[in-house]
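[1] Give me the fold of what follows.
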Amino acid sequence: MSKKPPTGRLARMARLGGLTSRVGSSYLAERVKGAFQDEDRRTRALKKLHIENAEKVVQTMSQMKGAAMKVGQTLGAMVEGMDLPPEVARTLGQLNDKAEPVPWSIIRADVQASLDVDLDSCFDRFDPQPLGTASLGQAHAARLKDGTPVVVKVLHRGIDGSVESDLAALRSMFITGKLLRRDKAEIEAVFAEVQARLLEELDYVSEAANLAYFQRAVGDQRGLRVPRTYPELCTERVLTMDHLPGLPIDTFLAIATDDAKQRAGRVLARNFHHMVYVLRTLHADPHCGNFLFEPSGRVGLLDFGCVKRFDEHWVAQYANAGMAAVEGRRADTLEVLRDLDCLRSRRPEAEDAIWRLCDVMTTPFRTDRYTAGGPTDTVQDQANRLLPRILRYPEIQAAPNVVYLNRALTGIYAVLRRLGLEADYRELFYLHARHAVAVAEGRTPDGSHGAPPLLPLD
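    Here you go, the predicted structure:
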């Protein structure tokens, strides 16, 4: 029987603090024992301890809603970008964002209190069974008085009070416990970025604003559906929006035509580039569960709590780094990476490591046609082999702006691999990257506000 998730600030700190203490103490004890062991035994013992501690992290985080669970889910999605032994990465990858459902009586009371109305006065129907329960909130299908189908998201009680304490405890664990063999300052910067995004996800007024922005920018124009919100039924703790049509990806892949799969892939690839290089505003949580696929290949995009915004000059530099890497200009690529704060030295070994990764990651952009997930697509496998070594160099940094951008890129590429998208990725990238550089240099109008320019896609 699993333990009931603690809700009080002190109780949550105690649970996570105990985890921190156990992890930290285990490494201290192992260092003492290691002094009396040969190198081979020390290596095997440390590997075993890494796995055991990762299992402790998974078990504790999986029992807790709130920031602890959300950070765990984020770590699970980002483990490929961390310096972790493969066994630890696989263990952390078991974390997900599912939680035990909140009882209907609590949901009903919370919605009525937040909206300050009786539920029956504004909804013709409100399904007591949730569509899904995640670490931060729960979603229910409902119908407005005029018959419009909607989804209502409800923030968990007490969740906003757990973020700071949860993150402080987890930050301490990863620094003192050495689960991540990285520089303390880098871990601090990554956690600060995670905290900023988490605080935004706890404010449904902010998410409603994100939805309104993406409605203007891309909704229903580029093969992508974005839900409308109903402001009179939205608060900081309740978000009411359209119930989009569509199928989960597994069902879609089972019944869709090849043409529909290709259309869906083009929609996702093109909109990702548009968000990064034109809007500079990125839906930063593009996992399979946040997409709904229609038989025509149209795609619905869900969950706009985690949105990352970028400065125009940073995006232009990121675009320059990408173009230099595609063209094989190693020296130029490394210089731009230094400007982006991703490379902090001229150490040859570190330069070689990050260049090899850039060379692999830009493979799809060096040919007229490339099939994601096809028989010759080895990008993911090669990157997975390189990352455990590359991130041992402290000079190679996970700069804050890159954390969620790389998470989104990894997520969108995983979906494209499942769809088997065959496309001219080079043309798509250059079209958008050159636009970003031109905006930063003042040679073309900025399209990040209001009605952005829709770059030609076909």
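[2] hey, let's count contacts and neighbours off CA atoms from now on
    Will do.
[3] Is the residue lying closest to residue 287 once chain neighbours are set aside within a helix or a strand, and which one?
    For residue 287, the nearest residue in space outside its immediate sequence neighbours is residue 411; the separation is 5.3 Å by Cα to Cα, 6 or more residues apart in numbering. Under the criterion of DSSP states H and E, residue 411 resides in helix 400-419.
[4] Averaged pLDDT, the helix or strand following that helix. What do you get?
    Taking DSSP H and E as the definition, the helix or strand that follows helix 400-419 towards the C-terminus is strand 422-423. On average, the pLDDT along strand 422-423 is 96.
[5] Wasn't residue 239 part of a strand?
    Yes: assessed with DSSP: H, G, I helix; E, B strand; the rest coil, residue 239 lies in a strand.
[6] Correct me if wrong: it contacts residue 209.
    No: applying Cα atoms under 8 Å, one finds residue 239 not in contact with residue 209, separated by 10.8 Å.
[7] ok, how many other residues are close to residue 310?
    As a burial measure, the neighbour count of residue 310 was computed by other Cα atoms under 10 Å and equals 15.
[8] And the pLDDT for it?
    Per-residue confidence (pLDDT) for residue 310: 95.
[9] for it, what are its contacts?
    Residues in contact with residue 310 (Cα atoms under 8 Å, 6 or more residues apart in numbering) are 280-281, 401.
[10] So it versus residue 274, what's the distance?
    Here the distance between residue 310 and residue 274 works out to 13 Å (Cα to Cα, to the nearest Å).
[11] Out of the contacts of residue 310, which comes closest to residue 196?
    Ranked by distance to residue 196 (Cα to Cα), these are led by residue 401 at 11.8 Å.
[12] For that closest one, which residues are in contact?
    Counting by Cα under 8 Å, 6+ apart, residue 401 has contacts residue 310.
[13] Which of the helices and strands in this protein ranks last by mean pLDDT?
    Taking mean pLDDT, DSSP states H and E as the measure, the helices and strands of the chain show their lowest mean at helix 9-34, namely a mean of 52.
[14] what helices or strands is the longest strand belonging to the chain leaning on?
    Ranked by residue count and defined by DSSP state E, the top strand of the chain is strand 123-133. Taking 3 or more Cα pairs under 8 Å, 6 or more residues apart in numbering; DSSP states H and E as contact, the helices and strands that strand 123-133 lies on are strand 137-144.
[15] Strand 123-133 and the next helix or strand after the strand it packs on, what's the angle between them?
    With elements assigned by DSSP H and E, the helix or strand that comes after strand 137-144 is strand 149-155. Strand 149-155 runs at 60 degrees relative to strand 123-133, counting by axes from the mean of the first three to the mean of the last three Cα atoms, to 10 degrees.
[16] Provide the strand pairings for strand 149-155, with the direction of each partner.
    Strands that pair with strand 149-155, judged by DSSP bridges, come out as strand 137-144 (antiparallel), strand 238-242 (antiparallel).
[17] right, so the ones you listed: which one is the most enclosed?
    Ranked by mean neighbour count, the strands paired with strand 149-155 are led by strand 238-242 with a mean of 23 (mean count of other Cα atoms under 10 Å).
[18] Give me the contacts around it.
    Strand 238-242 has contacts (Cα under 8 Å, 6+ apart) with 111, 114-115, 148-155, 204-205, 208, 227-231, 233-234.
[19] hmm, 10 Å instead?
    For strand 238-242, contacts defined as Cα atoms under 10 Å, 6 or more residues apart in numbering pick out 110-115, 137-143, 148-156, 203-205, 207-208, 211, 226-234.
[20] Determine how far that strand lies from the middle of the whole chain.
    The offset between the C-alpha centroid of strand 238-242 and the centroid of the whole chain comes to 21 Å, using Cα atoms, centre = their mean, to the nearest Å.
[21] Over to stretch 212-225?
    Stretch 212-225 has its C-alpha centroid displaced from the chain centroid by 20 Å (Cα atoms, centre = their mean).
[22] measure it end to end?
    Stretch 212-225 has an end-to-end distance of 12 Å (criterion: Cα to Cα).
[23] just stretch 218-230 next, same as before
    19 Å.
[24] Quick one: mean pLDDT over that stretch.
    85.
[25] before we move on, what about stretch 262-273?
    In this model, stretch 262-273 has a mean pLDDT of 94.
[26] ok so, going back, joint contacts of residue 310 and residue 274?
    Joint contacts of residue 310 and residue 274 (Cα under 10 Å, 6+ apart) are 280-282.
[27] most surrounded residue in those residues?
    Neighbour counts for the shared contacts of residue 310 and residue 274, by other Cα under 10 Å, peak at residue 282, which reaches 24 neighbours.
[28] Which of the three states applies to it?
    strand.
[29] thought it was touching residue 402?
    No: with contact taken as Cα atoms under 10 Å, residue 282 and residue 402 are classed as non-touching, separated by 11.9 Å.
[30] so what sits against both of these two?
    Common contact partners of residue 282 and residue 402 (Cα under 10 Å, 6+ apart): residue 408.
[31] what residues are up against the residue nearest in space to the middle of the chain?
    Closest to where the C-alpha atoms of the chain average out (Cα atoms, centre = their mean) is residue 285, at 3.8 Å. If you count contacts by Cα under 10 Å, 6+ apart, residue 285 has them with 74, 77, 302-308, 404-405, 407-412.
[32] gap between the residue found closest to residue 152 once you drop the neighbours it is linked to in the chain and residue 151?
    Among residues not flanking residue 152 along the chain, residue 240 sits closest, at 4.5 Å (Cα to Cα, 6+ apart). Distance of residue 240 to residue 151, given as Cα to Cα: 6 Å.
[33] Overlap in contacts, the two.
    Between them, residue 240 and residue 151 share these contacting residues under Cα under 10 Å, 6+ apart: 139-142, 227, 229.
[34] Which single one of those residues is nearest to residue 360?
    The shortest approach to residue 360 among these belongs to residue 227, at 36.2 Å (Cα to Cα).
[35] Can you tell me the SS state at the closest one?
    coil.
[36] That one against residue 303, yeah?
    Yes: using Cα under 10 Å, residue 227 makes contact with residue 303 at a distance of 9.4 Å.
[37] Please say which of the two ends up with more neighbours.
    Neighbour totals were compared for residue 227 and residue 303, and residue 227 leads with 24 against 20 (other Cα under 10 Å).
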